[in-house]
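> this one's structure only:
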């Protein structure tokens, strides 16, 4: 479905594209709320933009498929979300700005508590403070030794969470989780499913045996559970694919990480959307493509808080004119997936999208919402074509064929 | 995306299908014109047809991709426009009704003027008259000799344009242009990118060295610049694929050429749309599928002349009843791509389409326009599926599976 055709047709121009991504934007009616959150919200600024835009609905992966943030964002950036899908470990590494090499396998770790007979009694080690996590990581760095030619790295995340990276030759990423996802049983042995992954499993096992010994006197964090083993594969960057100098203004590690994986430069963490837009204004001359990420449409949806989601949409709407004032050649407002308050989770429902550009064929949509966008000129399409459409409307694609 | 399934399901019937292609039909609002050209046009006859049709919008290649006439038409005829895409040389040969064999590589040539030091001073040799072109081609035929087993052909196009064909064994088409596309520099050497194409480049070089000698005393046309090298690949015909005896009523070489490539018989060049329809009436008993091509919706768009495009659409509309009177089983009116006057060029915007047939599920569209077709029963779909839809509505596709 995705196509290298676009890459071949791309040219450089001085046009500018902004993707304003409201995470989990799409919604659903629920008890006491006959419309979606976006339909219920009062959004005069986005509605005004819609009148000069072409609108539509996007399917993030394929009909019925609920994406995680990874596939949701890869699709937005023009990557096939299935081919581009990566293990959780690599995503974590990217989010922590840990530069993986092609000799690395990464996994997410939890510090956990085992009882005297080696069974898991707390999968999160009582959510130890981050400083404890750092202390224990240092202890492991000093005391765990792997054979020559193989190294490990630990990087503290928040509380009990840690990134684990194994570096060496011919390591595969097809290794089962050691996290049993339940209590009262021992951690699982690492199992590899091909020759290189068996090699990984062997070293992971050596690592975990020593972890158990080194941490045996720790009161809480006396073991690490690993999941989401994944081998790093480099991505072609937005520069290589689309000749875009690109800049990500995103505050959460995962989105910063995905942006890094596709070669974006990353803004410093910012206080709120208003200061993110300050940064957008500051960097306006320096890049072609800007990814501005807003998290709270997703988190209010995950909380099941319909009113709060409506409210953050209305707050966002107040700031949209500042983006318009920069006169981008293309301004896209959409989400990476739906997060209906009614479901308290990501969902498969198509995402409303508006594409504002002088070259947009104006449709008859006058309000930014799921049911209005259904009447829009872009129709219903796959998220992975959004980048092609943005490039086209920005005059960055040449004609295909004579 | 394209499917051999359709080919397998096709049966012969006595039903008749007309594709009336208004080149570059789709449009865009522009300064002083709040709607598209088609929306602005008064089209009572097409609107009447729409009321009995199913409508939609077509994406010619994929979202955001602007097609040339080649991909645009291949898609209309049911061919994957990316797979079917051909080099400019082959398209030119087809347009000139030069029958390429599978031992041929074709390129477009320009007669050009070099100065005494061998630099290009005029890429079009002062646009020499066509008769001069013919004289010089004859001179080259008489004086240039290639080694045994290799032949060349030159066919005069208009003014300075010429078709060059190299015929021999194991010739590849992956050869760079010799046209430097700028003045004050010498022509480029032909460079081939695989073994067979290096062979081509070698003979092209032998040819061009002699051209330079033979033409050294010509005042204007003293060299040929070549571009768009391409190897001929035969296409499965509409007869082979869909069991259609097909007839093209098109006046411009490129469209006649593409129709030839997919096995259509070609009507003599006709004076105007009215005489094209005379020909349609005359040939009505003899074919199953008719391709009627109208150029001026595209050329007025390329001129940026909104009013003129509106006017030709209105003129076309007056002639539509003559097609309806023939009682085709399926009449499709659409374009190969959009050519908005606002952009003065082909564009990626979807193309409105109406499909009139007794078997069409009538939708609620009452006016033939981009924004009305958006509400049509066919939805938004890829052009390469149009032929399947036409065959189905004409009763020419059997059931798939038990």
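Yep, that arrived. Only a predicted model underlies this, so the values are computations on that prediction, with no experimental measurement involved.
> where does residue A:283 land on pLDDT?
Confidence at residue A:283, expressed as pLDDT, is 98.
> contacting residues for it?
Counting by C-beta atoms under 8 Å, 6 or more residues apart in numbering or on different chains, residue A:283 makes contact with A:247, A:249, A:267, A:290. All C-beta spots, glycine's among them, are computed from the backbone N, C-alpha and C.
> Keep only those of those that are in helices.
Per DSSP state H, helices hold no members of the contacts of residue A:283.
> now, among these, which is nearest to chain B?
residue A:290 (18.9 Å; C-beta to the nearest C-beta).
> hey, what's the nearest residue to the closest one once chain neighbours are set aside bridged with?
Excluding its sequence neighbours, the residue lying closest to residue A:290 (C-beta to C-beta, 6 or more residues apart in numbering or on different chains) is residue A:18, at 4.7 Å. Per DSSP bridges, the residues bridged to residue A:18 are residue A:290, residue A:331.
> Spell out which parts of the stretch 251-400 of chain A neighbour chain B.
Contact residues, the stretch 251-400 of chain A versus chain B (C-beta under 8 Å from any C-beta of the partner chain): A:359, A:361-364, A:375-381, A:385, A:388-393, A:397-400.
> Buried among these? Make that a PyMOL selection.
Selection of buried members from those for PyMOL, criterion 16 or more other C-beta atoms under 10 Å in any protein chain shown:
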select buried, chain A and resi 359+361+362+363+375+376+377+378+379+380+381+385+388+389+390+391+392+393+397+399+400
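> Which of the residues of the stretch 251-400 of chain A next to chain B fall in strands?
Among those, the members falling in strands (DSSP state E) are A:379-381.
> pLDDT added to those residues, as JSON lines?
Formatted as JSON lines, these follow (pLDDT from 0 to 100):
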{"residue": "A:379", "pLDDT": "96"}
{"residue": "A:380", "pLDDT": "96"}
{"residue": "A:381", "pLDDT": "97"}
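> which one of those is nearest chain B?
So of these, ranked by how close each gets to chain B (C-beta to the nearest C-beta), first place is residue A:379, at 3.5 Å.
> Quickly note the distance from that closest one to residue B:375.
Here residue A:379 is placed at a distance of 11 Å from residue B:375 (C-beta to C-beta, to the nearest Å).
> Could you do residue A:394 as well?
Distance from residue A:394 to residue B:375, by C-beta to C-beta: 28 Å.
> Break chain A down into its domains, please.
Segmentation of chain A into domains, based on automatic domain parsing, reads A:5-85+A:236-393, A:91-231.
> Can you tell me the closest non-neighbouring residue to residue A:306?
With C-beta to C-beta, 6+ apart, the residue lying closest to residue A:306 is residue A:341, at 4.1 Å.
> Tell me where chain A has strands.
A:17-22, A:53-59, A:104-114, A:120-122, A:151-156, A:161-167, A:223-231, A:246-249, A:265-266, A:289-294, A:330-334, A:351-356, A:379-382.
> Any chance of those strands in a markdown table with distance to residue B:57 as columns?
A markdown table is the format used below for these (distance: least, C-beta to C-beta, whole Å):
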| stretch | distance to residue B:57 |
| --- | --- |
| strand A:17-22 | 24 |
| strand A:53-59 | 11 |
| strand A:104-114 | 44 |
| strand A:120-122 | 56 |
| strand A:151-156 | 50 |
| strand A:161-167 | 47 |
| strand A:223-231 | 41 |
| strand A:246-249 | 31 |
| strand A:265-266 | 38 |
| strand A:289-294 | 27 |
| strand A:330-334 | 20 |
| strand A:351-356 | 16 |
| strand A:379-382 | 7 |
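> for the ones you listed, which one sits closest to residue B:41?
Nearest to residue B:41, of all the strands of chain A, is strand A:53-59, at 20.9 Å by C-beta to C-beta.
> so how far is that closest one off the chain centroid?
21 Å (C-alpha atoms, centre = their mean, to the nearest Å).
> Touching that strand from outside, list them.
A:334, A:350-357, A:360-363, A:365, A:368, A:370, A:372-383, A:386.
> Quick check, pLDDT for the spatially closest residue to residue A:133 that is not a sequence neighbour.
Excluding its sequence neighbours, the residue lying closest to residue A:133 (C-beta to C-beta, 6+ apart) is residue A:156, at 4.7 Å. On pLDDT, residue A:156 comes in at 95.
> who's in contact with residue A:156?
A:130, A:133-134, A:137, A:162.
> Now for the spatially closest residue to residue A:77 that is not a sequence neighbour, how many residues are close by?
Leaving aside its chain neighbours, residue A:77 sits nearest to residue A:262 (5.3 Å; criterion: C-beta to C-beta, 6+ apart). Neighbour count of residue A:262, defined by other C-beta atoms under 10 Å in any protein chain shown: 25.
> Distance check, residue A:43 against chain B.
22 Å (C-beta to the nearest C-beta, to the nearest Å).
> ok, that residue touching residue A:315?
No. Using C-beta atoms under 8 Å, residue A:43 makes no contact with residue A:315, being 10.3 Å away.
> Mind checking which of these two has more residues around it?
For residue A:43 versus residue A:315, neighbours defined as other C-beta under 10 Å are more numerous around residue A:43 (23 against 15).
> how much space between that one and residue A:291?
Residue A:43 is 21 Å from residue A:291, by C-beta to C-beta.
> who's in contact with residue A:14?
residue A:288.
> Next, give phi and psi for the residue nearest to residue A:306.
phi -60, psi -30 (degrees, to the nearest 10).
> Run a quick neighbour tally on it.
There are 24 residues near residue A:341, going by other C-beta under 10 Å.
> so what's it up against?
A:27-28, A:30, A:33, A:37, A:300-301, A:303-306, A:309.
> Could you tell me which of those belong to helices?
A:37, A:300-301, A:306, A:309.
> which stretches of the stretch 151-300 of chain A aren't confidently modelled?
Nowhere does the stretch 151-300 of chain A drop to pLDDT under 70.
> In it, which residue sits nearest chain B?
Counting by C-beta to the nearest C-beta, the stretch 151-300 of chain A gets nearest chain B through residue A:242, at 11.1 Å.
> Go ahead and confirm that residue touches residue A:7.
Yes. Between residue A:242 and residue A:7 a contact is recorded at 6.9 Å, counting by C-beta under 8 Å.
> quick one: which of these two has more around it?
More neighbours surround residue A:242 than the other of residue A:242 and residue A:7, with 27 against 13 (other C-beta under 10 Å).
> quick one on the thing from earlier: present the domains of chain A as TSV; the columns should include distance to residue B:90.
Formatted as TSV, the domains of chain A follow (distance: least, C-beta to C-beta, whole Å):
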stretch	distance to residue B:90
domain A:5-85+A:236-393	19
domain A:91-231	42
